[in-house]
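Participant: sharing a sequence plus its predicted fold:
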Amino acid sequence: MALRPPTEADVRAMGERLHLDLSDEEVADFRDLLADGLEAYETVRDLRGTYRSTPTRERDSGRRVREDDPYNAWITACHVAGDDGGPLDGWRIAVKDNVAVAGVEMTCGSRVVEGYVPNHDATVVRRLLDAGGDVVGKTNMDDMAFTGNGHSSAFGPTLNPHDPSRLAGGSSGGSAIAVVEDEADLAIGADQGGSIRVPAAWCGIVGHKPTHGLVPYTGIVGIENTIDHVGPMAADVETAARALTVMAGRDPDDPRQPGTVPERDYARDLDPDPASLSVGVVSQGFTRPEADDRVEERVRAAVDALADAGASVEEISLPEHDDAEAVYDVALAEGTYAAMVGEGVGHNWLGWYDEGWVEAFGKFRRAQGGDFPPTVKYTLLLGAYSSEAYHSAYYAAAMNLRRELVAAYDEALAPFDVLAMPTTPQLPNEYVPDQDRVAFIDDAWGSLANCCPFNATGHPALSVPVDPVDGLPVGLMLVGEQFDDGTVLDAGRAVEAVV
């Protein structure tokens, strides 16, 4: 069947949007030329799906979880058995619901894309299954991953298992809850601004955002290629290290990765000795407007415990850390807008495009875009406005400043193994069911202030629990040199040994 050619009205409207100032004669000519140009599109349509096979592993499509889930950790319960005898044999794996598991609904925590079923496994899912892990379900998350506190899922907020009047953190809140409640041995989180580390901190588990590109993101719904990360969430550092060993490595389908990606056994190489560790404590990480003094006290006590155990600890000033959130925000807004109008994946990168997702998302967002939460609408409107009104000049400047941030953090790290600061300066937010949209947005991202800079720079960052405040968990974040994730995990294991 031939594709529908544009009408003259279509051509005229497109010309106006593109500022082409087309004459009536040009409109008529381009209408005919575009109709001829669609022949190539028909050829591509007929070739679709001929070059990539779908998974053959047996699996069930699962069921929606509606009962016995007091903290709203899950969206779908399913079972996909991994291979026998692998290094993760028998592990129960919870998968965030923006990570594709073939044959199982993927909602991204949103009514907008509810009902979408991928026909492939994300690369990390395939690797974990090959290593023996069993996928036991898809976890709840903030709507389209656009909130840092756990409030916005269309399937109910992710509530904190230590105090259900508070939130679990976002956007990977369901994954954190599944680990805390011992419903999974390992959970997969995705992190664009702190979405692994904040729920790990607020729920009292370990969450590792690997170096950008160390773990392939293929088959996962992202926000923007240059900030998309996927990583392990677990009860302890060793479990996270064992998972990272399986998950990491080169995937030719993922353009986020460099040509060579290091491979190592992160668990085997763990060194928990604090005496071999040098730590730079970033003073600006403790002075955020949202900071709670009790969080600062617990984090500093943990760092002092490292020093008492023999670690070299020094307070440092890194003024760039105060500006990093603004740089991240400007780059994020327009990058997100570009990805959204690119039907959820964007353009101009070489890698595997999920055709099914592109087609489904394009239809869903046009039909139900009004159902997006305020955080998504705000980001898209800001990105669209800055793109049109300021011709992307500030986006270009922010992207250039990201390179300077990388250099600043690299320079700060040069004398140290890791940098340290609170994962989030706040205790878990209280759940407020009926917030107006302005308050909703104000609360959405305050937890991410220390985390999002390292999505902008790509440095590995680990949240590890320290002593709680009145029963509420607190996380210490450790940041290392790019692709030196092993040292970051060593530092996390050292914290576990002294706290």
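Facilitator: Alright, I've got the coordinates. As the structure is a prediction and not an experimental result, all values here were calculated from the model.

Participant: what about residue 155, distance to residue 435?
Facilitator: In this view, residue 155 and residue 435 are 18 Å apart by CB to CB, to the nearest Å. Every residue, glycine included, has its C-beta placed from N, CA and C.

Participant: which of the two has more neighbours?
Facilitator: Taking other CB atoms under 10 Å, residue 155 and residue 435 do not tie; residue 155 has more neighbours (23 against 15).

Participant: quick check: that one touching residue 138?
Facilitator: No. Residue 155 lies out of contact with residue 138 (CB atoms under 8 Å); the separation is 10.5 Å.

Participant: mutual contacts of the two, please.
Facilitator: Taking CB atoms under 8 Å, 6 or more residues apart in numbering as the criterion, residue 155 and residue 138 both touch 75, 107.

Participant: now the helices for the stretch 251-400 of the chain?
Facilitator: Here the stretch 251-400 of the chain has its helices, by DSSP state H, counting those that start in this stretch, at 293-308, 320-341, 355-368, 374-389, 393-413.

Participant: export only the CA atoms of the fourth one, formatted as PDB.
Facilitator: Think helix 374-389. Extracted in PDB, the C-alpha atoms of helix 374-389 (Å, rounded to 0.1, in the frame of the first residue of the first chain):
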ATOM      1  CA  PRO A 374       3.300  18.400  35.300                       C
ATOM      2  CA  THR A 375       7.000  17.600  35.400                       C
ATOM      3  CA  VAL A 376       7.000  16.300  31.900                       C
ATOM      4  CA  LYS A 377       4.900  19.200  30.600                       C
ATOM      5  CA  TYR A 378       7.100  21.800  32.300                       C
ATOM      6  CA  THR A 379      10.300  20.300  30.900                       C
ATOM      7  CA  LEU A 380       8.900  20.100  27.300                       C
ATOM      8  CA  LEU A 381       7.500  23.600  27.400                       C
ATOM      9  CA  LEU A 382      10.800  25.000  28.700                       C
ATOM     10  CA  GLY A 383      12.800  23.200  26.100                       C
ATOM     11  CA  ALA A 384      10.500  24.200  23.300                       C
ATOM     12  CA  TYR A 385      10.500  27.900  24.400                       C
ATOM     13  CA  SER A 386      14.300  28.100  24.800                       C
ATOM     14  CA  SER A 387      14.800  26.400  21.400                       C
ATOM     15  CA  GLU A 388      12.500  28.700  19.600                       C
ATOM     16  CA  ALA A 389      13.000  32.000  21.400                       C
END
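
Participant: residues touching the spatially closest residue to residue 250 that is not a sequence neighbour, list them.
Facilitator: Sequence neighbours aside, residue 261 is the residue nearest to residue 250 in space, at 4.4 Å (criterion: CB to CB, 6 or more residues apart in numbering). Residue 261 sits next to 213-214, 248-250, 483 when contact means CB under 8 Å, 6+ apart.

Participant: likewise residue 396?
Facilitator: So residue 396 contacts nothing (CB under 8 Å, 6+ apart).

Participant: now it: how far from residue 331?
Facilitator: From residue 396 over to residue 331 (counting by CB to CB), the distance is 10 Å.

Participant: so where does residue 105 fall, helix or strand?
Facilitator: Following DSSP states H and E, there is no helix or strand that holds residue 105.

Participant: got phi/psi on the most centrally placed residue in the chain?
Facilitator: Closest to where the C-alpha atoms of the chain average out (CA atoms, centre = their mean) is residue 191, at 2.1 Å. Backbone torsions for residue 191, taken as degrees, to the nearest 10, come to phi -140, psi 110.

Participant: correct me, but it touches residue 172?
Facilitator: Yes. Residue 191 is in contact with residue 172 according to CB under 8 Å; the separation is 7.2 Å.

Participant: now for residue 252: which residues touch it?
Facilitator: Taking CB under 8 Å, 6+ apart, one finds nothing in contact with residue 252.

Participant: per-residue confidence at the residue nearest to the centre of the chain?
Facilitator: pLDDT for residue 191: 98.

Participant: pretty sure residue 46 sits in a helix.
Facilitator: Yes. Remark: residue 46 belongs to a helix, assigned using DSSP: H, G, I helix; E, B strand; the rest coil.

Participant: show me where pLDDT drops low in the stretch 351-499 of the chain?
Facilitator: For the stretch 351-499 of the chain, no stretch has pLDDT under 70.

Participant: let me see the ranges of the strands in this structure.
Facilitator: Assigned by DSSP state E, the strands in the chain fall at 63-64, 74-80, 92-96, 134-139, 159-160, 163-167, 186-191, 206-209, 229-234, 278-282, 312-316, 418-422, 461-469, 472-479.

Participant: now those in a markdown table, with distance to residue 304?
Facilitator: Compiled in a markdown table, these are given as follows (distance: least, CB to CB, whole Å):
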| stretch | distance to residue 304 |
| --- | --- |
| strand 63-64 | 47 |
| strand 74-80 | 39 |
| strand 92-96 | 34 |
| strand 134-139 | 35 |
| strand 159-160 | 27 |
| strand 163-167 | 27 |
| strand 186-191 | 28 |
| strand 206-209 | 21 |
| strand 229-234 | 26 |
| strand 278-282 | 10 |
| strand 312-316 | 8 |
| strand 418-422 | 11 |
| strand 461-469 | 11 |
| strand 472-479 | 12 |
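
Participant: among those strands, which comes closest to residue 28?
Facilitator: Proximity to residue 28, assessed across the strands of the chain by CB to CB, is greatest for strand 186-191 (47.9 Å).

Participant: strand partners of that closest one, parallel vs antiparallel please.
Facilitator: Partners of strand 186-191 in the sheet, by DSSP bridges, are strand 92-96 (parallel), strand 229-234 (antiparallel).

Participant: adding mean neighbour count, write the ones you listed out as TSV.
Facilitator: Shown next, in TSV, are those (neighbours: other CB atoms under 10 Å):
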stretch	mean neighbour count
strand 92-96	28
strand 229-234	29
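
Participant: can I get these in JSON lines including distance to residue 204 and mean pLDDT?
Facilitator: Supplementary listing: those in JSON lines, determined by distance: least, CB to CB, whole Å; pLDDT from 0 to 100:
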{"stretch": "strand 92-96", "distance to residue 204": "16", "mean pLDDT": "98"}
{"stretch": "strand 229-234", "distance to residue 204": "11", "mean pLDDT": "98"}
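
Participant: what's the closest of the ones you listed to residue 351?
Facilitator: Across the strands paired with strand 186-191, closest to residue 351 is strand 229-234 (CB to CB), at 14.6 Å.
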